[in-house]
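# Build me a structure from this.
(2 chains)
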Amino acid sequence: MSNTIRTRFAPSPTGFMHVGNLRTALYEYLTAKHEGGTFVLRIEDTDQERYVEGATDVIYNTLKTAGLIHDEGPDLGGDYGPYVQSERVGTYLPFAKKLVEEGKAYYCFCTKERLEALREAQGNAISGYDRHCRDLSKEEVDKLLAAGTPYVIRQKMPLEGESTYHDLVYGDITVPNEDMDDQILIKADGFPTYNFANVIDDHLMGITHVVRGSEYLSSTPKYNKLYEAFGWEIPSYIHLPLIMGKSVDENGNETVSKLSKRHGSTGFMDLINDGYLPEAIINYIALLGWAPTDNQEIFSMEELIKAFDPKGISKSPSVFDYDKLEWMNGEYIKKMDSENFLKNAKPYYEKHNVSSDCYEMLEELLKPRITRFTQIDEKLEFMDSLANYEASLFEHKKSKSTIETSLASLEAAIAMLEEVEPSAWNKDNLGSIMTTLASQMEVKNSVIMWPVRIAAAGVPVTPGGCSEVLVLLGKDESLRRMRIGLDKLK
RNA sequence: GGCCCCAUGGUCAAGCGGUUAAGACGGCGCCCUCUCAAGGCGCAAUCAGGAGUUCGAUUCUCCUUGGGGUCACCA
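Model prediction:
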């Protein structure tokens, strides 16, 4: 069991789960589950100033509805707890002090004001901290410490040479050592920085594969210096290409940039509220930056776990395409079983007073016509009330319908339909009545169907054909509307 | 600006020295059809540019260009 893969999702509780974060979580989950490994949830809340009420609930809810079930975490416990960094504050400082003792880190007493001035003086040629306190004498340090001077602890970085590490996606990455800042390990408030806590916790929690966005690609050597300083084994790295959004700049040119709120709904919950299904979102983002060895596009979570392979992760950033998500969502709706479909559609049925006798038929009609359940609303709008349409709506070239033919058709149809028993008011029967009428009148079916449908619906586009619309409206309402149509034609 | 990474149609992408350069979304057209969809068939559209290496480069190397990331007491 000691060589079991362990990955972690380590979000900070900001109250917002971006799809980029979610995809990272997905790949972390898949990386672990593909090998039967363990997926850990850790909350990184070392920034006290950014605390957001209820933000951890957003994380739990998102993971749960997305189907990314963690094996260890604040809510579940585990052998490596606690899983919230603010509850681990005590564990970091000793590690930092150990490095200080070994001469691998040092106390820094520089004020924020000094650092700010430094940055300003550097201007464009940003070169980081000037290592002002790096070589303070033991006496000076003790004196300042005794005086209660606020301090941070910084890590000593090598001044020359270069560092290389291997990434499973990007290959070997080499960075000049002189570019590595003497990063802060412990902040003045005693809390560890993200970088420090991250490394300590990943090690203590036995994380074997660090999966994260490619924005960490160039800072990873700094993390490795920490592992080296402690003599710990460096984990395997899987850096993920960024997700981009398309937008139009002030000059009207289309540009792409890192996905953010200005690209629309980019939060997982935003997408859910817009009517996208969790499974479809997961499926779509799984394919954003990763491709299977075959051409499969629709994946269940189980299939993803089976097929996932870091080798299929691409290196270049990918643009979030709402059109394709839309299509994929539609595919999921089409495949949905009746029970689930009804559960999602029922609120809209009720809003438009659809008879429960029509639920089954409506499912068939709606499935190929919607890509999101929210669209049902407008599809059923014609049922609420009859629109005040123009008689010209009856003219339709392709259906060979004119005002004259429509008048005749409607008159005949009304006469026929009035005789239909309410119990026989169903799709099949109404359909055969229409076609029979058409052959009696020696006209194409459409010459009957078109005007009847238009008169009943009052709008040119309906989710379904003539007989379906009649069934949806019921006998009385259908005939009422048809007579109104007849009047318009006279 | 320094450093790092990336580069196949509009988008997601397969490819891994020799291919008519897959497939999907979107677009367009046709068929089906009482509308709109769905479905079926088809079309257009890609190797950023330039040097090498090689018998042969989309595939390997370098340069250019373009794009992205990163340089916090944020995570």
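# the strands in chain A, which residues?
A:6-9, A:38-41, A:105-108, A:152-155, A:162-167, A:171-176, A:184-186, A:209-213, A:236-240, A:243-248, A:254-258, A:318-319 (DSSP state E).
# List the pairing partners of the fourth one within its sheet, with orientation.
By that I understand strand A:152-155. Take DSSP bridges as the rule and strand A:152-155 pairs in its sheet with strand A:105-108 (antiparallel), strand A:184-186 (antiparallel).
# Ok, the first one next?
Strand pairing for strand A:6-9, determined by DSSP bridges: strand A:38-41 (parallel).
# is the partner strand anywhere near RNA strand B?
No. Against RNA strand B, strand A:38-41 shows no contacts by CB under 7 Å from any atom of the strand, the least distance being 13.3 Å. C-beta: built from backbone N, CA, C; applies to glycine.
# Just the residues contacting that strand, thanks.
Strand A:38-41 has contacts (CB atoms under 8 Å, 6 or more residues apart in numbering) with A:4-10, A:28-29, A:32-33, A:59, A:63, A:68-74, A:76, A:78, A:80, A:83, A:205, A:207.
# buried subset of the residues you listed?
Buried members of these, counted by 16 or more other CB atoms under 10 Å: A:5-10, A:28-29, A:32-33, A:59, A:63, A:68, A:70, A:72-74, A:78, A:80, A:83, A:205, A:207.
# Quick check: the residue found closest to A:Phe95 once you drop the neighbours it is linked to in the chain vs RNA strand B, distance?
Using CB to CB, 6 or more residues apart in numbering and skipping the chain neighbours, the partner closest in space to A:Phe95 is A:Ile200 (5.7 Å). Distance of A:Ile200 to RNA strand B, computed by CB to the nearest atom of the strand, to the nearest Å: 13 Å.
# looking at it, A:Ile200 is touching A:Gly90, isn't it?
No. With contact defined as CB atoms under 8 Å, A:Ile200 and A:Gly90 do not form a contacting pair (11.6 Å).
# of the two, who's got more company?
A:Ile200 (22 against 8; other CB atoms under 10 Å).
# so who does the more buried one touch?
With CB under 8 Å, 6+ apart, A:Ile200 has these contacts: A:91-92, A:95, A:192.
# 10 Å instead, please
A:85, A:88, A:91-92, A:94-96, A:185, A:192, A:226, A:230, A:232 (CB atoms under 10 Å, 6 or more residues apart in numbering).
# In CSV: these, plus neighbour count.
Converted to CSV, the contacts of A:Ile200 look like this (neighbours: other CB atoms under 10 Å):
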residue, neighbour count
A:Gln85, 24
A:Arg88, 18
A:Thr91, 15
A:Tyr92, 23
A:Pro94, 10
A:Phe95, 22
A:Ala96, 22
A:Leu185, 27
A:Pro192, 25
A:Leu226, 24
A:Phe230, 16
A:Trp232, 15
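# Please produce TSV containing those, extended by pLDDT.
Listed next are those as TSV, based on pLDDT from 0 to 100:
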residue	pLDDT
A:Gln85	92
A:Arg88	93
A:Thr91	94
A:Tyr92	96
A:Pro94	96
A:Phe95	97
A:Ala96	97
A:Leu185	96
A:Pro192	94
A:Leu226	97
A:Phe230	97
A:Trp232	97
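# Just the ones of the residues you listed in helices?
Residues of the contacts of A:Ile200 located in helices (DSSP state H): A:91-92, A:94-96, A:226, A:230.
# ok, so of the residues you listed, who is nearest RNA strand B?
A:Tyr92 (11.4 Å; CB to the nearest atom of the strand).
# separation between A:Gly78 and A:Thr293?
A:Gly78 is 34 Å from A:Thr293, where distance means CB to CB, to the nearest Å.
# right, is stretch A:403-415 up against RNA strand B?
No. Stretch A:403-415 stays out of contact with RNA strand B when judged by CB under 7 Å from any atom of the strand, the minimum separation being 10.9 Å.
# Can you give the distance from that stretch to the centre of its chain?
With CA atoms, centre = their mean, to the nearest Å as the basis, stretch A:403-415 stands 52 Å off its chain's centre.
# again with stretch A:483-490
That offset, for stretch A:483-490, works out to 50 Å (CA atoms, centre = their mean).
# One more: stretch A:182-199?
30 Å.
# nearest residue to the residue in the stretch 201-350 of chain A positioned nearest to RNA strand B other than its sequence neighbours?
As assessed by CB to the nearest atom of the strand, RNA strand B sits closest to A:Ser316 within the stretch 201-350 of chain A, at 2.9 Å. When the adjacent residues along the chain are set aside, A:Ser316 lies closest to A:Pro241, with 5.8 Å between them (CB to CB, 6+ apart).
# So which of the strands of chain A is the most surrounded?
Among the strands of chain A, ranked by average contacts under mean count of other CB atoms under 10 Å, first place goes to strand A:6-9 (a mean of 26).
# mind saving the C-alpha coords of that strand as PDB?
Taking C-alpha atoms only, strand A:6-9 is exported to PDB below (Å, rounded to 0.1, in the frame of the first residue of the first chain):
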ATOM      1  CA  ARG A   6      -2.200   9.900  -3.500                       C
ATOM      2  CA  THR A   7      -3.400  13.200  -5.000                       C
ATOM      3  CA  ARG A   8      -5.000  16.200  -3.400                       C
ATOM      4  CA  PHE A   9      -7.300  19.000  -4.300                       C
END
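# Tell me which stretches of the stretch 1-150 of chain A form helices.
Assigned by DSSP state H, counting those that start in this stretch, the helices in the stretch 1-150 of chain A fall at A:19-34, A:55-66, A:89-101, A:112-122, A:138-146.
# Residue numbers of the stretch 101-250 of chain A in contact with RNA strand B?
So the stretch 101-250 of chain A meets RNA strand B at A:110-112, A:115, A:119, A:124-126, A:128-129, A:150, A:152, A:170-171, A:173-176, A:179, A:181, A:184, A:187-189, A:191, A:193-195, A:214-219, A:241-242, A:244, A:246 (CB under 7 Å from any atom of the strand).
# for the strands paired with strand A:152-155, which one sits closest to A:Gly15?
A:Gly15 sits nearest to strand A:184-186 of all these, at 25.7 Å, using CB to CB.
# what's the closest residue to A:Lys379 other than its chain neighbours in contact with, if anything?
Setting aside the residues directly before and after it, A:Lys379 is nearest to A:Pro463 in space (CB to CB, 6+ apart), at 4.5 Å. Residues in contact with A:Pro463 (CB under 10 Å, 6+ apart) are A:362, A:365-366, A:368-370, A:375-376, A:378-380, A:382, A:457, A:469, A:472.
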